[in-house]
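> Here is a sequence together with a model predicted from it:
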Amino acid sequence: MNAGIEALLARLGAKREEMLERAGQCQTATELVVWAERFNVKLTQEEAGELLQFAHGSEDELPDSELGRVSGGTAFGKPPMCPKCRKLSPYGSSTCQHCGEPL
């Protein structure tokens, strides 16, 4: 994750998860900027573009919402996602196995 997206996610604070979820649903940066303004979050076009790219991942990987759908999910639901690096960790973990952040 680059420093720009880390700073943006930190600035979003409590609205971080909601914004990431919405970014995953938006198709354009303009759409995300308009949506964010309704919830008193100020984003530039550049920030919205970065957030959109981060939420959608690379073209070669499926977003988490699609991955669960095509893989059949799990018996326990979705594994916990690290709030810092956004990678999934095994059930029962108290810290992220990738970056060490508390879950």
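Ah, there it is.
> export the helix or strand containing Glu31 as PDB, just CAs?
If you go by DSSP states H and E, Glu31 is part of helix 29-38. Only the C-alpha atoms of helix 29-38 are listed here, as PDB (Å, rounded to 0.1, in the frame of the first residue of the first chain):
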ATOM      1  CA  ALA A  29     -14.000   9.000  -9.100                       C
ATOM      2  CA  THR A  30     -16.700  11.600  -9.700                       C
ATOM      3  CA  GLU A  31     -19.400   9.300  -8.500                       C
ATOM      4  CA  LEU A  32     -17.400   8.600  -5.300                       C
ATOM      5  CA  VAL A  33     -16.700  12.300  -4.700                       C
ATOM      6  CA  VAL A  34     -20.400  13.100  -5.000                       C
ATOM      7  CA  TRP A  35     -21.300  10.300  -2.600                       C
ATOM      8  CA  ALA A  36     -18.700  11.300  -0.100                       C
ATOM      9  CA  GLU A  37     -19.900  14.900   0.000                       C
ATOM     10  CA  ARG A  38     -23.400  13.600   1.100                       C
END
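> Provide a list of residues in contact with the spatially most central residue of the chain.
The C-alpha lying nearest the average C-alpha coordinate of the chain belongs to Leu20 (CA atoms, centre = their mean; 4.2 Å). Residues near Leu20 by CB atoms under 8 Å, 6 or more residues apart in numbering: 9, 51, 54-55, 86. The C-beta positions use only the backbone N, C-alpha and C, and glycine is treated the same way.
> That one: what secondary structure?
Assigned by DSSP: H, G, I helix; E, B strand; the rest coil, the conformation of Leu20 is helix.
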